[in-house]
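Novice: Can you look at this prediction? I've put the sequence above it.
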Amino acid sequence: MAYVSKTFAAYGLVILTGPLCLKAAAQDYVDLEAEQANQSARSYPATSYGANSAPAGTAVTPPPRSIAPAGGQNQNLGQLFLQIQQLQQDVMRLNGLVEEQGYELRKLKEQSLERYVDLDNRLSAAAGGATVVAGSQGAAEEVSPVVTPPPAGNSAGQAVEQPGEGEAYRAAYALVRGQQFDDAVEAFRQFLRDYPDGKYAPNAHYWLGELYLVIDPQDLESSRQAFTLLVTTYPDNPKVPDALYKLGKVHFLKGNRERAREYLDGVIQGYADTSAARLARDFIAENY
Amino acid sequence: MKWLAVAVLPITLILGAVGARADLTIEITQGVDNPTSIAVVPFAWQGPGPVPEDVAFVVDGDLARSGQFAPVGRADMLGMPSNEKEVFYRDWRAIGAEYLLIGRISASGQELRVDYELFDVLRQTRVHTGVETGPVSEARMHGHRVADAVYEKLTGIPGAFATRLLYVSVTRVPGGKDYYRLTLADSDGARPIVLLESREPVLAPAWSPDGKEIAYVSFETDRPAIYRQHLATGQREQLTNFPGLNGSPAWSPDGNSMAMVLSKDGSPDIYLMNLATKNLTRVTRHYAIDTEPTWMPDGNSLMFTSDRGGRPQIYRYDLKTGATERVTFEGAYNARARIAQDGRNVVMVHRQSSDFHIAILDLVTNRLHVLTSTQLDESPSIAPNGSMVLYATKSGDRGILAAVSVDGGVKFRLPSREGDVREPAWSPYMNR
């Protein structure tokens, strides 16, 4: 028995130190990562048996070394090997988790900073804007009491592109093209907060309506609101027939077949020559 | 573990006929919305006998393939001017051409000379003139250089038409061993030259930074070994013969060393070989798989694929500080990075749901965009001007090459006439 445990200990020693010895003897290269590890005392826990290790689940896995003495030791060693493999896999998985959480944290920090800066900007802009309006009103009263500056945020007809607007819209649209739908929703919402009367505001409403249908989970009510906003605020916009068709679809998805049919028929009658009308006809043919 | 199979093993093959060559043809599948209309008039031949090469045709094809230009058909041209005196802007405005390119070809002995002039039809001015000279045998290259100059003049981005492609074509022999051919071709797939033909797998072709040499992995000795080969002389040298994996050679930007993957010390790790002394430096040391190294253009850091986080992702190793950081976080699978010359855009194989696509990551904004909608896309390679990405994909059951612009707006395919084509490698700019 004493012999057995002694050999086991000896083999264990070989297993754990063997690769190191081999490396010390056969190493014909400079080991950058190991040097780095020594310098910073940041050693990978796994480095010491790296040479013996088996990358988990790959074709290049060397088979566990068969150890000559039969019986219990062999089995123990096999178990040890399996345990090491299991530990390696666990460490890799945890490593990935730590990396990803670190990344999420960095992202969250950046986002909260951005939000703070944005809020700060808007607060100071609001404060500045208020004084400007008050000032101009005062001036207007003095010079000619009849003229009052038109209040901000009026009808759609006279929308002009505001500085930075096109860029913000294209950035949001790029997210749609990149299929980053959740980010795109956020970007278009932000766009509408920044440029509620912008030239591209109708498009942003339309895209939001579309996006709410493709995000996971689908948000039918928000989609309906977005399309409705477009249709009611910008009745002359060329996107209106498409939005009406989509409204029909959204109501259908919400289970309201009658309301859906009203919208679909509305598109077909009101905008007969559009592709939206064609789509509406197809939709009716398929579902009614 | 698809990426490992690609890196290590000869890959399963698809049906195809035996053939000596794998010529590529080009099909443009998607262009930009408002391509610039340009008329490329056939260049006048000022020599005896037939013209050695229709240079204007090469220019025409290059510009069309960029997706940003819509060349005017020759049949629509109301005249064929070859010098400024013969140019009537009205004729070109009538057919909607925005730009006009004319030229003359002359030869003295084996030397060919191409003079060309580019006109802005709307402003009625000449905007560029140029001359290309060189051996008659390189006449197509002259055309590519003219296209480069026109492209740069009109888009502000240097063209990358006068470059070459390396790719591996596989021809299946029913009931026998397959043929692997390492092929060199013009950037439009024309003039294929077989550099190496083998009945054993050939993979991972890579360019030296000066475009004069290539490296690849060949199984001709029954196990993978890395070779380097000089293109002009054909002289080649076996660089490695270690037990286990020898793969993914990647020349450093200064040309002095080569990053590679070796598994001689256990699991696959990244090593650097000094090409003068053949000394090895081990870069990564991890029981996970580290593979597919590629260099940042400044040569100070390497990117590689590793599953040290449980799933394949791209990592960056800084050769100066020794720090390793993870680069990709979006998606369950990101592998085989290639970095644009600006050091900002990284293309890679990316898995979104179940399909493998090519994606591009902007290292400054950290935004990842999926560029392709084909399936089983692999081996992206980026043009030296950073405008297009070439990659391997499947069409039906055949392996083909396809390309997509880095904004996803332009797409074309280069299907091979026979066999499967894979592992494209776009050359750097070629110095004359």
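Specialist: That came through, no problem.
Novice: Okay, domains of the chain per the record?
Specialist: No chain was given, so I picked chain A. Domains of chain A are assigned by automatic domain parsing as A:2-106, A:165-287.
Novice: That was the other one, I meant chain B.
Specialist: Chain B breaks down by automatic domain parsing into domains covering B:33-155, B:163-426.
Novice: And those domains: which comes nearest chain A?
Specialist: Nearest to chain A among those is domain B:163-426; the distance by Cβ to the nearest Cβ comes to 2.9 Å. Heads up, the C-betas are built off the backbone N, CA and C, glycines and all.
Novice: Look at the closest one and report the distance between its end residues.
Specialist: This stretch, domain B:163-426, spans 8 Å end to end (Cα to Cα, to the nearest Å).
Novice: pLDDT of it, averaged?
Specialist: Mean pLDDT, taken over the full extent of domain B:163-426, equals 92.
Novice: what about it, distance to the chain center?
Specialist: Relative to its parent chain, domain B:163-426 has a centroid offset of 11 Å by Cα atoms, centre = their mean, to the nearest Å.
Novice: With stretch B:101-115 instead?
Specialist: On Cα atoms, centre = their mean, the centre of stretch B:101-115 falls 28 Å from that of its chain.
Novice: neighbouring contacts of it?
Specialist: Under the criterion Cβ atoms under 8 Å, 6 or more residues apart in numbering or on different chains, residues B:38-41, B:43-47, B:51-52, B:55-56, B:59, B:81-83, B:87, B:116-119, B:129-139, B:142-143, B:146, B:150 lie in contact with stretch B:101-115.
Novice: can you give me the strands for the stretch 201-350 of chain B?
Specialist: B:202-207, B:213-218, B:225-230, B:236-238, B:246-251, B:257-262, B:269-274, B:280-282, B:290-295, B:301-306, B:313-318, B:324-326, B:333-339, B:345-351 (DSSP state E, counting those that start in this stretch).
Novice: circling back: indicate which one of the domains of chain B is closest to A:Ala184.
Specialist: The closest of the domains of chain B to A:Ala184 is domain B:163-426. By Cβ to Cβ, the value is 12.0 Å.
Novice: Now the strands of the stretch 201-350 of chain B in JSON lines, please, with extra columns for mean neighbour count.
Specialist: Listed next are these as JSON lines, based on neighbours: other Cβ atoms under 10 Å in any protein chain shown:
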{"stretch": "strand B:202-207", "mean neighbour count": "24"}
{"stretch": "strand B:213-218", "mean neighbour count": "23"}
{"stretch": "strand B:225-230", "mean neighbour count": "19"}
{"stretch": "strand B:236-238", "mean neighbour count": "14"}
{"stretch": "strand B:246-251", "mean neighbour count": "24"}
{"stretch": "strand B:257-262", "mean neighbour count": "25"}
{"stretch": "strand B:269-274", "mean neighbour count": "23"}
{"stretch": "strand B:280-282", "mean neighbour count": "18"}
{"stretch": "strand B:290-295", "mean neighbour count": "25"}
{"stretch": "strand B:301-306", "mean neighbour count": "24"}
{"stretch": "strand B:313-318", "mean neighbour count": "21"}
{"stretch": "strand B:324-326", "mean neighbour count": "17"}
{"stretch": "strand B:333-339", "mean neighbour count": "24"}
{"stretch": "strand B:345-351", "mean neighbour count": "25"}
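Novice: Please dump those strands into CSV; it should also carry distance to A:Glu258 for every row.
Specialist: Shown next, in CSV, are the strands of the stretch 201-350 of chain B (distance: least, Cβ to Cβ, whole Å):
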stretch, distance to A:Glu258
strand B:202-207, 62
strand B:213-218, 67
strand B:225-230, 71
strand B:236-238, 77
strand B:246-251, 63
strand B:257-262, 65
strand B:269-274, 65
strand B:280-282, 72
strand B:290-295, 58
strand B:301-306, 56
strand B:313-318, 51
strand B:324-326, 54
strand B:333-339, 47
strand B:345-351, 44
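Novice: TSV for those, including distance to chain A?
Specialist: Shown next, in TSV, are the strands of the stretch 201-350 of chain B (distance: least, Cβ to the nearest Cβ, whole Å):
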stretch	distance to chain A
strand B:202-207	15
strand B:213-218	15
strand B:225-230	16
strand B:236-238	18
strand B:246-251	11
strand B:257-262	10
strand B:269-274	7
strand B:280-282	4
strand B:290-295	9
strand B:301-306	9
strand B:313-318	8
strand B:324-326	5
strand B:333-339	12
strand B:345-351	11
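Novice: Out of these, flag the one nearest A:Val214.
Specialist: Across these, closest to A:Val214 is strand B:345-351 (Cβ to Cβ), at 19.6 Å.
Novice: and the gap between the spatially closest residue to B:Gly47 that is not a sequence neighbour and B:Val170?
Specialist: With sequence-adjacent residues excluded and distances taken as Cβ to Cβ, 6 or more residues apart in numbering or on different chains, B:Gly47 is closest to B:Ala107, at 4.6 Å. To B:Val170, B:Ala107 is 39 Å away according to Cβ to Cβ, to the nearest Å.
Novice: Comparing the two, which shows the higher neighbour count?
Specialist: For B:Ala107 versus B:Val170, the count of surrounding residues by other Cβ atoms under 10 Å in any protein chain shown is larger for B:Val170: 23 against 17.
Novice: Looks like the more buried one contacts B:Gly419 (just checking).
Specialist: Yes. Judged on Cβ atoms under 8 Å, B:Val170 makes contact with B:Gly419 at a distance of 5.7 Å.
Novice: Are any of the contacts of stretch B:101-115 buried, and if so which?
Specialist: Among the contacts of stretch B:101-115, the ones that count as buried by 16 or more other Cβ atoms under 10 Å in any protein chain shown are B:38-41, B:43-45, B:51, B:55-56, B:59, B:81-82, B:87, B:116-119, B:130, B:132, B:134, B:138-139, B:142-143, B:146, B:150.
Novice: Deepest in the core, which of the domains of chain B is it.
Specialist: Among the domains of chain B, domain B:163-426 has the highest mean neighbour count (mean count of other Cβ atoms under 10 Å in any protein chain shown), at a mean of 20.
Novice: Close to chain B: what parts of the stretch 151-288 of chain A are there?
Specialist: Contacts of the stretch 151-288 of chain A with chain B, taken as Cβ under 8 Å from any Cβ of the partner chain, map to A:Ala174, A:Arg177, A:Gly178, A:Gln179.
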